[in-house]
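Student: structure for this input, please:
(one chain, ligands or ions: 1)
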Amino acid sequence: MQQQDVNVYPAYDANMPAEADEMEYALPEGFVYLDEAIEGVLWDAKYSTEDNFIGSVVDGYQSNRIACAKKMIPALIEARDLAQEKGYQLLIWDAARPQRAVDHFVSWAAEPEDGKSKEQHYPNIKKAQLFQKGYVAKRSGHSRGAAVDLTLVDAETGEAIDMGGAFDLMDKRSHHGAKGLTKQQTANRNALKSIMKQSGFSPYSNEWWHYTLNNEPFPGQYFDFVIGGRSQEEQVQQDIVRHNMETDLPQ
Ligand SMILES: [Zn+2]
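Tutor: Below you'll find the model as predicted:
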């Protein structure tokens with residue numbers, strides 16, 4: 001497996017419009033940015049990149065950050081600690097997902113097939129079937145702040161462990177108990193499942209990476225927001241700290 005390109009420090013989006021202020025990127029009440037709420041967890045927000053099943057940056061993801069329901073944080077901390085005991089780190093791909101992102105998936109699915117992401121993400125089914133087969137939902141648990149997509153990374157090597165398929169591979173191969181996996185791949189999926197179940201999450205039979213918090217924070221509520229960069233004020237502070245550190249360096 002290749003070294004994962006993941007964030008270990010909050011990513012600042014240099015392309016953030018100059019007029020953007022803190023309010024524009026404020027998350028709804030009851031939500032937090034993962035990088036401001038929990039330490040020792042890796043993330044790579046796939047929908048803020050082109051490396052996802054629609055092959056382009058998804059609406060609402062203006063920065064490579066993870067938004068998360070506050071009530072999920074204690075469960076993720078438990079999962080992080082359990083993972084650590086077993087020599088793993090958590091790598092999170094998505095958690096709270098704005099409704100506009102889900103709407104983007106729906107409009108993308110209605111467009112003609114361009115082949116851009118098919119081979120890698122849905123080789124055996126048509127776009128429209130992604131909804132019928134339960135890989136994508138028009139109303140998602142992610143938009144209720146109840147779901148998280150993640151995998152395990154070997155804490156020593158920094159490599160993602162082999163789960164026998166990539167994130168958002170919409171295929172039978174991604175089902176729990178899928179045929180054609182090696183014993184090790186099945187064991188790896190089970191290791192993640194065991195950690196998540198012990199931490200208060202339930203698995204989803206069609207996607208080994210998707211977990212739902214048992215105590216839903218906002219049942220029946222769907223949220224829309226924009227996942228943004230750090231505020232300019234924070235960035236200025238950070239630059240000052242960096243500048244001071246540089247000037248403090250011995251000659
Ligand atoms: Zn998911």
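
Student: so where's the stretch 1-150 of the chain uncertain?
Tutor: Applying pLDDT under 70 to the stretch 1-150 of the chain flags the ranges 1-24.

Student: who in it is up against the ion?
Tutor: 147, 149 (Cβ under 5 Å from the ion). C-betas here are computed from N, CA, C, even on glycine.

Student: if we use 8 Å, what do you get?
Tutor: 94, 97, 140-142, 147-149 (Cβ under 8 Å from the ion).

Student: which of the residues you listed are buried, as a PyMOL select command?
Tutor: Buried residues among those (16 or more other Cβ atoms under 10 Å), as a PyMOL selection:
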select buried, resi 94+97+140+141+142+147+148+149
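
Student: how about the nearest residue to Glu216 once chain neighbours are set aside, what does it touch?
Tutor: Closest residue in space to Glu216, ignoring its immediate chain neighbours: Ala146 at 4.7 Å, by Cβ to Cβ, 6 or more residues apart in numbering. Contacts for Ala146 (Cβ atoms under 8 Å, 6 or more residues apart in numbering) come out as 69, 72, 212-213, 216-219.

Student: right, and the pair among these with maximum separation?
Tutor: Of all pairs drawn from the contacts of Ala146, the one with the longest distance (Cβ to Cβ) is Met72 and Pro219, at 13.8 Å.

Student: in terms of pLDDT, where does whatever residue of the stretch 151-251 of the chain ends up closest to the ion sit?
Tutor: Across the stretch 151-251 of the chain, the shortest distance to the ion (Cβ to the ion) belongs to His210, at 3.6 Å. Looking at His210, its pLDDT stands at 97.

Student: leaving out sequence neighbours, find the closest residue to Lys71.
Tutor: Closest to Lys71 by Cβ to Cβ, 6+ apart is Pro217, at 4.0 Å.

Student: and that neighbour, how far from Gly60?
Tutor: Pro217 is 19 Å from Gly60, where distance means Cβ to Cβ, to the nearest Å.

Student: higher neighbour count, the two?
Tutor: Counted by other Cβ atoms under 10 Å, Pro217 and Gly60 do not tie: Gly60 has more neighbours, with 22 against 17.
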